Each structure stands twice: as structure tokens, then as C-alpha cells.
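Visitor: I would like the atomic coordinates for the input below:
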Amino acid sequence: MYKSYYGFKEKPFQMKPDPSHLFMSRGHADAYAHLEYALAEDRGFVVVTGEVGSGKTSLVNLLVESLGAGFTIGVLTPDFARHEPFMAAICRRFGVNVAGVDTAGIPTSLRDFLIGRRDAGRRAVLIVDEAQSLTDTAIEEIRMLANLQTQGQYLVQVILTGRPALKRKLQQNRVREFVQRVTVSCHLGGLGKDEVGRYIRHRLRYAGCSENLDIFDHEAVQSIYSYSRGIPRFANIISDAALIYGYADELRTIGKGVIEEVMKDRGAAGEIRHGNAPPLTVRLGTDAGRIDGATRRDIEKKMHGIEGTIYHITQELNTRNSARKTQYETGLELAEVLRRLETRQALLLESIRTLLH
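Guide: Okay, the predicted model is just below:
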């Protein structure tokens with residue numbers, strides 16, 4: 001909608017863990033240095049925690065891209081192990097076939113594979129994402145990977161990433177043996193007050209903005225920082241909505257007033273709910289046959305909410321389907337997705353009918 005108006009080649013505030021879009025804040029640079037150090041020194045177990053939307057996945061993706069051919073990478077989420085032993089799920093992510101192997105023999109199969117990788121000059125790295133959802137049993141199985149060593153070196157290095165709940169989980173006494181194996185840990189918080197403006201310009205630049213990187217004025221940036229608490233994902237949501245509003249009102253510069261109106265329409269006083277569209281109140285002009293500026297703006301806002309919902313549902317489907325759940329479970333999820341899309345479609349059609357009458 002607003003790309004051509006502001007001169008973008010793509011939407012600047014898309015919410016996908018793309019390493020090329022990562023803004024290397026002070027916190028991100030520090031966390032990345034910890035990850036590089038852990039791999040260079042073969043430190044074994046690493047824990048990276050951070051707020052939702054702080055950029056953990058983008059950071060890890062950047063690390064994976066930098067590793068090159070000398071590494072074998074396995075990426076796992078707790079969902080993958082929902083219907084099988086966790087150690088078997090780890091094997092599957094590394095491409096180790098353990099079909100027909102009894103539970104006691106699975107660690108041996110994994111060890112043989114890892115030794116083969118090491119002998120071929122390739123190091124193995126297991127990345128467990130959303131690790132706050134791990135059960136105590138799964139954490140214990142991960143701890144057992146520390147026993148897989150050769151000549152004093154770990155056969156596999158483990159990186160756990162998760163929300164602050166992971167940090168709290170690891171403070172509990174019942175997982176202390178695992179914590180004793182963690183040699184490197186770091187936490188990603190929000191961007192600093194002085195970093196949010198640079199972050200926004202960074203995103204605009206990667207979107208192809210070549211002329212005006214100050215579309216958001218200073219007061220708007222400060223307002224975005226205040227509402228988002230410096231969390232990149234929340235800053236993206238607010239900024240994207242502000243561009244929708246600016247486009248609808250034919251504004252070349254986004255000021256604080258636009259940000260305040262975005263937040264008022266979100267109805268959240270600082271709380272961002274991605275994918276929940278604000279209620280649409282269609283305002284007709286004096287000429288019922290013409291769509292006035294206010295009405296156009298309401299439609300743009302509604303479409304923005306629907307786009308957000310569709311994006312969110314798509315992300316959920318991608319995550320769940322990648323876990324290879326049973327056909328029955330996938331069918332239930334698809335039915336729920338269709339129901340939610342139908343609800344959004346009904347709201348949009350109701351808005352259009354209001355315009356036509």
C-alpha cells in the first residue's frame with residue numbers, strides 16, 4: 001500500500017528473522033561475541049535468552065550463515081519431540097536414521113554419527129529454539145550430550161535460545177546439573193533509547209529508501225521507544241502501522257501525533273497485540289458516492305490488521321507443519337485457521353457493504 005508512496009522496494013518493518021535485516025545494537029553485538037567465543041573455544045553449552053521479539057532468532061541465523069561448510073547444524077524446537085523421545089528427535093534433526101533402534105541404543109547411534117562428522121573435519125552444533133518449553137526430562141537428555149566427547153573435546157556444541165522463562169527455569173534446583181554444564185550465557189534486552197532511531201533508519205535503508213531516512217521525526221522515534229520498550233518486534237509493529245496512517249493521510253513525515261493515534265486505535269496503552277485489528281468505524285462523507293479521506297484511512301487501517309493476522313497465521317502454520325505432526329492434528333489446525341480467516345473476511349465484507357449503502 002505505502003511502498004511506492006514512500007519510495008520503498010519492500011516493506012521496511014516485516015517481521016521475519018532475516019539476518020540481512022538484523023540491526024547490530026550494543027546488546028546484539030555482545031551476544032554475538034559470546035556465541036563466536038563459545039564456538040571458537042569449544043565451550044560446549046551456551047544459553048541465549050531475550051524478550052519476545054528482541055532478535056534472538058535473527059542473531060542465531062546470522063551465526064549459522066557465518067559458519068560455512070565446516071559445521072553440521074541441527075535446529076530443534078520442543079514441538080519436534082512431542083511424539084518421540086527427545087534424543088530421537090535430535091538424531092532426526094541431524095539426519096541420523098534411528099528407526100527400529102531401541103531407546104538405549106539411540107545415544108550410541110548419535111555418537112557414531114558425531115564421531116564420523118568430527119573425523120571428516122566437520123563440527124556439530126545443535127540449536128534448540130524456544131527452549132523455555134523444554135521439559136525437565138528433555139533438559140536432562142540434552143545434558144547427557146556433554147558426555148559425548150573425544151580427546152577432551154565435545155562432539156556436539158549446544159545453543160539454547162529462549163524467552164526470559166528459560167532463564168527462570170534454569171534457576172531451579174532440579175536442573176542444576178545441566179546449569180553446571182553451561183559455560184556461556186547472555187541475555188538480549190531492548191534497544192537503548194539512543195538506538196531506536198538508528199534502528200528505524202537501518203530498516204528504511206534496507207527497504208530501499210534512498211532519499212529520506214528521517215520519515216519518522218525525533219518525537220515520533222521517542223514515542224516509539226516509549227511504547228515498544230525498545231523491543232524490535234514491537235517497534236516494527238508500531239512503525240508499520242504508522243506508515244499506513246501516514247500514507248492514508250498523505251503525510252511525508254511521521255510525527256508523534258501519528259504514533260499516539262496508532263496506539264489509541266490499538267486500544268492497548270502500550271501493549272502491542274500483533275494481528276489484532278482495531279475496530280473499524282466507517283465514516284461517510286457528505287457525498288455518499290465518494291470515499292472521503294477519513295473513510296479511506298479506516299479501510300487502510302482495517303486492511304493492515306487483516307494483513308497482520310494472515311501473516312501471524314502463516315507463521316503458526318509454518319512452525320507447526322515443520323514439526324511434522326499427525327495428519328489428524330494438522331487437519332484440526334487447518335480448520336481453526338480457516339475459521340479465523342472467515343471471521344476476518346466477514347468483517348471486511350461488512351465494512352465494504354457499509355460503504356456501498
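Visitor: separation between Leu39 and Gly121?
Guide: Leu39 is 15 Å from Gly121, where distance means Cβ to Cβ, to the nearest Å. In short, each C-beta sits where N, CA and C put it, glycine included.
Visitor: So which of the two has more stuff around it?
Guide: A count of neighbours by other Cβ atoms under 10 Å puts Leu39 above the other of Leu39 and Gly121, at 19 against 8.
Visitor: Distance of that one relative to Ala69?
Guide: 15 Å.
Visitor: first to last residue in stretch 185-192, what's the distance?
Guide: End-to-end distance for stretch 185-192, by Cα to Cα, to the nearest Å: 21 Å.
Visitor: can you give me the helices for the chain?
Guide: 3-6, 26-40, 56-67, 86-93, 106-119, 136-144, 164-169, 176-179, 196-206, 218-228, 232-248, 256-266, 293-322, 327-356 (DSSP state H).
Visitor: What is the burial count for the nearest residue to Phe94 once chain neighbours are set aside?
Guide: Of all residues not flanking Phe94 in the chain, Gly74 sits nearest, at 4.5 Å (Cβ to Cβ, 6 or more residues apart in numbering). When neighbours are counted by other Cβ under 10 Å, Gly74 registers 19.
Visitor: surely Gly74 meets Ala124?
Guide: Yes: here Gly74 lies in contact with Ala124, judged by Cβ atoms under 8 Å, at a distance of 7.1 Å.
Visitor: Now for those two: what residues contact both?
Guide: Shared contacts of Gly74 and Ala124 (Cβ atoms under 8 Å, 6 or more residues apart in numbering): Phe94.
Visitor: Need phi/psi at Val98.
Guide: Dihedral angles of Val98 (phi, psi; degrees, to the nearest 10) stand at phi -120, psi 20.
Visitor: Tell me who's in contact with it.
Guide: Val98 touches Ala88, Cys91, Arg92, Gly105, Ile106, Ser109, Leu110, counting by Cβ under 8 Å, 6+ apart.
Visitor: For it, give its distance to Tyr37.
Guide: In terms of Cβ to Cβ, Val98 sits 33 Å off from Tyr37.
Visitor: before we move on, the earlier item: closest one to Asp214 out of the contacts of Val98, please.
Guide: Arg92 (49.1 Å; Cβ to Cβ).
Visitor: ok, the closest one to Ser25 distance?
Guide: For Arg92 relative to Ser25 (Cβ to Cβ), the value is 35 Å.
Visitor: So for these two, which residue has more residues nearby?
Guide: Using other Cβ under 10 Å, the more surrounded residue of Arg92 and Ser25 is Ser25, with 23 against 18.
Visitor: Could you pull up the residues touching that one?
Guide: Leu191, Gly192, Glu195, Tyr199.
Visitor: Low-confidence stretches in the stretch 51-200 of the chain?
Guide: Scanning the stretch 51-200 of the chain for pLDDT under 70 picks out 80-83.
Visitor: do that again at 80, thanks
Guide: 68, 78-84, 151-152 (pLDDT under 80).
Visitor: care to break the chain down by domain?
Guide: The chain resolves into domains spanning 1-16+191-273, 26-188, 275-357 when parsed by automatic domain parsing.
Visitor: Beta-bridge partners for the residue nearest to Gly246 when sequence neighbours are not counted, please?
Guide: Excluding its sequence neighbours, the residue lying closest to Gly246 (Cβ to Cβ, 6+ apart) is Ile254, at 4.9 Å. Per DSSP bridges, the residues bridged to Ile254 are Phe216.
Visitor: didn't Ile254 look like it was pressed against Ala241?
Guide: No: in this structure, Ile254 is not within contact of Ala241 by Cβ under 8 Å, at 10.4 Å.
Visitor: Which neighbours do these two have in common?
Guide: Residues touching both Ile254 and Ala241 (Cβ under 8 Å, 6+ apart): there are none.
Visitor: Ala40: how many residues sit nearby?
Guide: For Ala40, using other Cβ under 10 Å, the count is 8.
Visitor: Now the phi/psi pair for Glu10, please.
Guide: Dihedral angles (degrees, to the nearest 10) for Glu10: phi -150, psi 170.
Visitor: List the contacts of it.
Guide: Contacts for Glu10 (Cβ under 8 Å, 6+ apart) come out as Lys3, Ala207, Gly208.
Visitor: what about the first one, distance to Arg203?
Guide: Spelled out, that is Lys3. Looking at Lys3 against Arg203, where the rule is Cβ to Cβ, the gap reads 13 Å.
Visitor: more neighbours, the two?
Guide: Arg203 (23 against 15).
Visitor: Leaving out the residues flanking it, which one is nearest to the more buried one?
Guide: Pro12 (4.3 Å).
Visitor: residues in contact with that neighbour?
Guide: Arg203, Leu204, Tyr206, Ala207, Cys209, Ser239, Asp240, Leu243.
Visitor: Kindly tell me how buried the fifth one is, as a neighbour count.
Guide: Residues within reach of Cys209, counting by other Cβ under 10 Å, total 18.
Visitor: and if you look at the fourth one?
Guide: Here the neighbour count serves as a burial measure; for Ala207 (other Cβ under 10 Å) it reads 19.
Visitor: Against Val258, how distant is the residue nearest to it when sequence neighbours are not counted?
Guide: What sits nearest to Ala207 in space, not counting adjacent residues and going by Cβ to Cβ, 6+ apart, is Pro12, at 3.5 Å. Noted for Pro12: a distance of 16 Å to Val258, by Cβ to Cβ.
Visitor: on that earlier part again, return the set of residues that bridge with the residue nearest to Phe94.
Guide: Here Gly74 sits in beta bridges with Leu126, going by DSSP bridges.
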